[in-house]
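Q: Provided below are the primary sequence and the corresponding predicted coordinates.
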Amino acid sequence: MHTNKELPDHARRVAVVGSGIAGLSAAWLLSRRLSVTLYESEKRLGGHSNTVMVPTSHGSLPVDTGFIVYNERNYPNLVALFNEIGVPTASSNMSFAASLEGGKLEYSGSGINGLIGQRGNVVRPRFWRMMRDILRFYREAPALLLRADLHSVSLGEYLDRNDYAPAFIEDHLLPMGAAIWSTTAREMRAYPLLAFVRFFASHGLLSLADRPKWRTVLGGSREYVHRLSASFIEGVRLGVGVRSISRESGRVVVTDIAGNADTFTDVVIATHADQALGLLSDADHEERDLLGAFRYTENLAVLHCDESLMPKRRRVWSSWNYIGESRTENAQPLCVTYWMNRLQNLDMRHQLFVTLNPTREAAPSKVIGRYHYTHPLFDQRALDAQQQLWRLQGRRNTWFCGAYFGFGFHEDGLQAGLAAAESVTDVRRPWHVRNESGRIALQPQLEAAE
């Protein structure tokens, strides 16, 4: 495979398309050796790292509306990056609650008082069936990872085959999964079982003890975005979307939405998979097949101060609050409210929330802003494509990266961005962590070099 890696550094120009964590990290690392131009269609950098300054009577509060928290166990490169660029952080809280059927059933995972935050739960048979199967699933799930016969089985299929109670499925597992992956209960049923269990196991969600400690960025995620982009800020083109990318004669031509064309030696496409495919004017069969395997869902995030979009019982309030109007899982849209004061250690005198896809409108006078985010949906086709994505790297001097290379979270995008940059040229991230690319699938020779 021919690439431009043999050219001297001063002769190479790299275009990076997209400024989420994957694009920012790739541009940051590449800018240590090469000339980098970053295209971003929005008027700001950061993608899902979007901090909004909320004015209050006691000063402005920085509130994140996309990326909010991370933990040291599952985000090793993010921890190393924050240490490298001096990002201030603080401990956070990651409690979970569910409020179903308009508040008829409510509970939280914050100890006994949270589980019976609605006192009537103790006399409900359905509640105890849920509790029984929570213990059963968490006990049995780790062994499932050893069963090759479950490779193509979805979460919903497994739960149905093994007679798990509707109370457990509809009131606990699907709401929790939907809140984590920002998707619907229906889509969670289609999620591949083994990938689901692997994520829950690695994040300590199958045990009540030894759960990871979560952290948040002081001042909001904009603090890391500013620090990360400082070294290449002169090459950033904000508000300049890309219309098309073509590859010919060892060069890459990037045409923006205004029709301006620029020529580069290499391009790193750090957008969603479907967007990346849409940008390629000359996509080959394998690019169409692999990038086309990923589907996405649109989510509306509303920043507000309306307590009616939280559980009705204050003692149930948690950091993540799944709000379900119906137990009919196939008809139930995702609605989850993040209690930002708890998550980001904000002044409790001003209650602030971010609700994804509110099932009812917040009071207009209490709405601060509305933001749209897109999240990947993972089915078996997408997970199979993940295992082959690295085969696309470097073809016609084109590299791809994004959170879709892994579980869809910040560490996944970061691992993909750093690994892509290290493939473009002989540059290395300035730290060593265990299993540095463990959440994404690399080609064998690159894995062996780590």
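A: Sure, I can see it.
Q: Return the distance of Asn341 relative to Trp390.
A: Applying C-beta to C-beta, to the nearest Å, the value for Asn341 to Trp390 is 41 Å. Every C-beta, even on glycine, is put in place using the N, C-alpha and C of the backbone.
Q: For these two, work out which one has more neighbours and name it.
A: Between Asn341 and Trp390, Trp390 has the larger neighbour count (other C-beta atoms under 10 Å), namely 24 against 20.
Q: Reduced to three states, what does the more buried one come out as?
A: helix (DSSP: H, G, I helix; E, B strand; the rest coil).
Q: secondary structure element for the closest residue to Ser95 other than its chain neighbours?
A: With C-beta to C-beta, 6 or more residues apart in numbering as the criterion, Ser95 has its nearest non-adjacent residue at 3.8 Å, and that residue is Ser318. Under the criterion DSSP states H and E, no helix or strand holds Ser318.
Q: show me what contacts Ser244?
A: 254-255, 279-281 (C-beta atoms under 8 Å, 6 or more residues apart in numbering).
Q: Which members of those residues are positioned in strands?
A: Of the positions in the contacts of Ser244, 254-255 sit in strands, assigned by DSSP state E.
Q: Just the buried subset of the contacts of Ser244, please.
A: 254-255, 279-280 (16 or more other C-beta atoms under 10 Å).
Q: any idea of the pLDDT on Asp282?
A: Note on Asp282: pLDDT of 97.
Q: what number of residues lie near it?
A: So Asp282, with other C-beta under 10 Å, has 11 neighbours.
Q: Hmm, Ser246 and it touching each other?
A: Yes - between Asp282 and Ser246 there is a contact under C-beta atoms under 8 Å: 5.4 Å.
Q: Could you give the separation between the terminal residues of stretch 161-175?
A: The first and last residues of stretch 161-175 sit 20 Å apart, counting by C-alpha to C-alpha, to the nearest Å.
Q: mind starting the numbering at 525 from now?
A: Taking 525 as the first residue, the last one we looked at is stretch 685-699.
Q: Buried residues, that stretch. List them.
A: Neighbour-count burial for stretch 685-699 flags 688-689, 691-699 (criterion: 16+ other C-beta under 10 Å).
Q: helices and strands around the strand or helix carrying Glu810, which ones?
A: Assigned by DSSP H and E, Glu810 falls within helix 809-815. Here helix 809-815 touches helix 797-803, helix 904-910, going by 3 or more C-beta pairs under 8 Å, 6 or more residues apart in numbering; DSSP states H and E.
Q: Provide the strand pairings for the next helix or strand after it, with the direction of each partner.
A: Next along the chain after helix 809-815, taking DSSP H and E as the criterion, comes strand 819-828. The pairing partners recorded for strand 819-828 under DSSP bridges are strand 877-880 (antiparallel), strand 891-901 (antiparallel).
Q: Tell me which of the helices and strands packed on helix 809-815 sits nearest to Tyr895.
A: Nearest to Tyr895 among those is helix 797-803 (17.7 Å), distances taken as C-beta to C-beta.
Q: Let me see the mean pLDDT of that closest one.
A: On average, helix 797-803 scores 99.
Q: do stretch 708-723 as well
A: Averaged over stretch 708-723, pLDDT sits at 93.
Q: Endpoints of that stretch, how far apart?
A: Terminal-residue distance, stretch 708-723 (C-alpha to C-alpha): 18 Å.
Q: Touching that stretch from outside, list them.
A: 665-666, 668-669, 674-683, 694, 697-699, 701-702, 704-705, 729-730, 821, 853-854, 856-858, 901-904, 907, 931.
Q: re earlier: between the helices and strands packed on helix 809-815, which one is closest to Asp657.
A: Here helix 904-910 is closest among the helices and strands packed on helix 809-815 (C-beta to C-beta), at 24.4 Å.
Q: by contact count, what packs against that closest one?
A: Counting by 3+ C-beta pairs under 8 Å, 6+ apart, helix 904-910 packs on helix 809-815.
Q: distance between the helix it packs on and the chain's centre?
A: Mean-position distance between helix 809-815 and its chain equals 23 Å (C-alpha atoms, centre = their mean, to the nearest Å).
Q: List the residues that contact Glu758.
A: Contacts of Glu758 (C-beta under 8 Å, 6+ apart): none.
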